[in-house]
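J.: Fold the following for me, if possible:
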Amino acid sequence: MEMQQIDGDGVLLVRYKVAPDSVKDFQIWKAKTDEVMKTFKGFIAITLLNPEKDSDYYYVIIRFNSSENARVWLNSDARKNLLKDPHATWLSDKQEVIQDWDKFWYNTFSEVKKWKQWVVTFIAVYPLTIVVPRFVKTISAVISLSFFEGIINALLISGLMIFLVMPLVLSFFKKWLRT
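T.: Numbering: from 1, shown residues only. I've put the predicted structure just below:
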């Protein structure tokens, strides 16, 4: 199946707490659930994220072609019956969020305090605002960039923030952000 972004995709993010002694039951239940879910209108894909070390939480990302179709699955009798399945005894904690694709990456299950977001963002962006302009100025001495110098600074800083620095900083401060 080709994975492509479609405007208006509905993303259902589910977080399950599964005790280590119930993993096998969870896997059996999930396999049944996946087969039923794939028959629903608008289903695109499902991704399982296994727990991190020292965590019992599994994350399941389910994509439908619209938020409405994700909601239909979420409220369906088929799904309700699967949750009553004898293999679902492991189910002690479950959180579910439906998001439109364009808002998905900016929402989380738990709210992070704004001042902590600010601190982490500052730690990530400050060194870039020092290093990148010096780097671009060095290049500008060799190749005239004139008007484009500011644009190149902005492109490099934002690109490095998104793809390199923020993932590293967030992984380093992950536990602190959750407290």
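
J.: Count the neighbours of the nearest residue to Leu170 once chain neighbours are set aside for me.
T.: With Cβ to Cβ, 6 or more residues apart in numbering as the criterion, Leu170 has its nearest non-adjacent residue at 6.8 Å, and that residue is Val120. Where you see a C-beta, it was placed from the backbone N, CA and C, and this is true even at glycine. A total of 19 residues lie near Val120 under the criterion other Cβ atoms under 10 Å.

J.: Confirm for me that Val120 is in contact with Val169.
T.: Yes: in this structure, Val120 is within contact of Val169 by Cβ atoms under 8 Å, at 5.7 Å.

J.: so who does the residue nearest to Leu170 touch?
T.: Taking Cβ atoms under 8 Å, 6 or more residues apart in numbering, we find Val120 in contact with 169-170, 173, 177.

J.: which element is it on?
T.: Here Val120 sits within helix 114-142, counting by DSSP states H and E.

J.: Let me know the average pLDDT across stretch 169-179.
T.: Across stretch 169-179, pLDDT averages out at 82.

J.: quick one on the thing from earlier: from the contacts of Val120, which is closest to Gly42?
T.: Using Cβ to Cβ, Leu170 comes nearest to Gly42 of those, at 31.4 Å.

J.: how far away is that closest one from Val119?
T.: Going from Leu170 to Val119 by Cβ to Cβ, to the nearest Å gives 12 Å.

J.: try Lys53
T.: From Lys53 to Val119 the distance is 25 Å (Cβ to Cβ).

J.: Please say which of these two ends up with more neighbours.
T.: With neighbours defined as other Cβ under 10 Å, Lys53 and Val119 compare such that Val119 has more, 14 against 4.

J.: Tell me the buried residues in the helix holding Val120?
T.: Going by neighbour count (16 or more other Cβ atoms under 10 Å), the buried part of helix 114-142 is 120, 124-125, 128, 132-133, 136.

J.: Kindly reformat those residues as a markdown table and extend each row with distance to Leu48 and pLDDT.
T.: Below are the buried residues of helix 114-142 laid out as a markdown table (distance: Cβ to Cβ, whole Å; pLDDT from 0 to 100):
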| residue | distance to Leu48 | pLDDT |
| --- | --- | --- |
| Val120 | 28 | 89 |
| Ala124 | 29 | 91 |
| Val125 | 33 | 93 |
| Leu128 | 34 | 95 |
| Val132 | 38 | 94 |
| Pro133 | 43 | 93 |
| Val136 | 42 | 91 |
